[in-house]
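Asks: what would the 3D arrangement of this be:
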Amino acid sequence: MTSLFDSCTAARFQNDPLAMRVYTSQLLGQSKELVLHGGGNTSVKIDNILYVKGSGWNLDTIEKPGFSPVNLDVLLEMATRESLSDTQMVAEQRAAMQDQSFPNPSIEAILHAIIPFDFVDHTHADAVVTLTNTPEGKMLVQKLYGENMLIIDYVMPGFELAKHIYAITRNIDWNTLSGMILMHHGVFTFDNDAARAYEKMIDIVTVAETYLSEHVTLACGDCEGKGDPAIAIAVGMEAAKLRGCDLYPLLIDSPRAQLFSILPNLEVLVKKGGLTPEHVIRIKPFPAIIDNDIAEGIAKFAQDYKAYFDANASSVHICLDLAPRYAVIKGVGIVVLGKDEKESRIIADIVKHTITAILCAEQLGGWGSLSLSQMFEMEYWELEQAKLKK
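Replies: All right, here's what the predicted structure looks like:
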């Protein structure tokens, strides 16, 4: 991975740490191999205030107003608690903000607070997460990065993750660490210098990319062909019945998508988790699979999704719509099913990165990210459910 850091540009922000935070955050956001559509988060600590990426901002376009100023002491105290609901966490983080006009802080604010460095960067780097989503992923990243890389087994993002890391790092000298890899989730780097924190991220991802280039062959291209748009339209019309609104279907018929669509273990593979946890909110836990009969494939998805909900839900959960966000058409490729062009483009980006990671992982022993119950926990996150109830 190529570093985009320019020392001449950065010199303009030398005496303004928040401006420097904006600059390196935008550098991270410019690479879709690091973050996609609101993914990842960054922060800087200034005078006992944590300025952390706020809800609704993307790293590639973030500016100073996108960094929520939260009292650092309050966040550190929150990390010591035994329990804290997501709703309570968001409310208390908001109450601890220096200025209420800013957006809600990231759900990872507490984790950013307990990392004892001024600049903290968090991405969902494709290459690194691809490696962690293989059967021997933990052993592999330990071998690649050595004993100075802190490797964390998967924990639900938010308070539970922050609490877990706080507990296991109480006696760790953070200065000895080169970074932190969260299994099936992403990467954290940190330093008191913004440039070094950024370059550490680039270095970590480069190691993973190099390993993949040496052990994986992806001869099939990612360029889309000129398939029959009627297929996408037909799938969209059928899925729209379940979504309750018109859809904007897009056909992805690149050689890579076509290869993915004919994998012999496709039905099992697509239920082994996504590239990173937050994607489930955009694309649901698995796609529809269509083999000739479109109506049958969409109906089967609705049946499987309802079974997934019933197996994991409690009485407090409200079931989301039963429509897929994308469908794999065997021998053809993939149709994405957003409610408008913007949503379809977002889904398409996530799906393309996901199938590339899966095809790579399958050459490294197999794909396996999160279980269906773990995906449910993220998809039916308390705060997302609260929006529905309102």
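
Asks: against residue 153, how distant is the closest residue in space to residue 40 that isn't next to it in sequence?
Replies: With Cβ to Cβ, 6 or more residues apart in numbering as the criterion, residue 40 has its nearest non-adjacent residue at 4.5 Å, and that residue is residue 123. The C-beta positions use only the backbone N, C-alpha and C, and glycine is treated the same way. Counting by Cβ to Cβ, to the nearest Å, the separation of residue 123 from residue 153 is 19 Å.

Asks: neighbour count: these two, which is higher?
Replies: residue 123 (27 against 11; other Cβ atoms under 10 Å).

Asks: residues in contact with residue 144?
Replies: Residues near residue 144 by Cβ atoms under 8 Å, 6 or more residues apart in numbering: 131, 207-208, 211.

Asks: who does the helix or strand containing residue 8 touch, helix- and strand-wise?
Replies: Per DSSP states H and E, residue 8 falls inside helix 7-11. When contacts are defined as 3 or more Cβ pairs under 8 Å, 6 or more residues apart in numbering; DSSP states H and E, helix 7-11 sits against helix 17-29, helix 194-215.

Asks: returning to what we had before: now the contacts of residue 144 in a markdown table, with distance to residue 234, neighbour count and pLDDT?
Replies: Output for these, formatted as a markdown table (distance: Cβ to Cβ, whole Å; neighbours: other Cβ atoms under 10 Å; pLDDT from 0 to 100):
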| residue | distance to residue 234 | neighbour count | pLDDT |
| --- | --- | --- | --- |
| 131 | 38 | 26 | 98 |
| 207 | 44 | 17 | 98 |
| 208 | 39 | 24 | 98 |
| 211 | 41 | 19 | 98 |
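
Asks: show me how the protein divides into domains.
Replies: What automatic domain parsing lists as the domains of the chain is 7-215, 229-389.

Asks: among those, which is nearest residue 1?
Replies: Among the domains of the chain, the nearest to residue 1 by Cβ to Cβ is domain 7-215 (4.7 Å).

Asks: between the two ends of the closest one, how far is it?
Replies: End-to-end distance for domain 7-215: 34 Å, by Cα to Cα, to the nearest Å.

Asks: residue 57 - nearest residue in space that isn't next to it in sequence?
Replies: Spatial nearest neighbour of residue 57, excluding adjacent residues (Cβ to Cβ, 6+ apart): residue 66 at 3.6 Å.

Asks: which residue ranges of the chain form strands?
Replies: For the chain, the strands defined by DSSP state E cover 41-46, 49-53, 67-71, 119-123, 149-152, 179-182, 186-191, 248-252, 288-290, 326-329, 333-338.

Asks: packing partners of the fourth one?
Replies: In terms of contacts (3+ Cβ pairs under 8 Å, 6+ apart), strand 119-123 is packed against helix 17-29, strand 41-46, strand 186-191, helix 194-215.

Asks: now the first one
Replies: Judged by 3+ Cβ pairs under 8 Å, 6+ apart, strand 41-46 is in contact with helix 17-29, strand 49-53, helix 109-114, strand 119-123.

Asks: again, but for the second one
Replies: Using 3+ Cβ pairs under 8 Å, 6+ apart as the contact criterion, the secondary-structure elements in contact with strand 49-53 are helix 17-29, strand 41-46, strand 67-71, helix 72-78, helix 109-114.

Asks: returning to what we had before: output the strands of the chain in JSON lines; the columns should cover mean pLDDT and distance to residue 29.
Replies: Output for the strands of the chain, formatted as JSON lines (pLDDT from 0 to 100; distance: least, Cβ to Cβ, whole Å):
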{"stretch": "strand 41-46", "mean pLDDT": "98", "distance to residue 29": "9"}
{"stretch": "strand 49-53", "mean pLDDT": "98", "distance to residue 29": "10"}
{"stretch": "strand 67-71", "mean pLDDT": "98", "distance to residue 29": "13"}
{"stretch": "strand 119-123", "mean pLDDT": "98", "distance to residue 29": "9"}
{"stretch": "strand 149-152", "mean pLDDT": "98", "distance to residue 29": "23"}
{"stretch": "strand 179-182", "mean pLDDT": "98", "distance to residue 29": "19"}
{"stretch": "strand 186-191", "mean pLDDT": "98", "distance to residue 29": "14"}
{"stretch": "strand 248-252", "mean pLDDT": "96", "distance to residue 29": "23"}
{"stretch": "strand 288-290", "mean pLDDT": "98", "distance to residue 29": "31"}
{"stretch": "strand 326-329", "mean pLDDT": "98", "distance to residue 29": "24"}
{"stretch": "strand 333-338", "mean pLDDT": "97", "distance to residue 29": "21"}
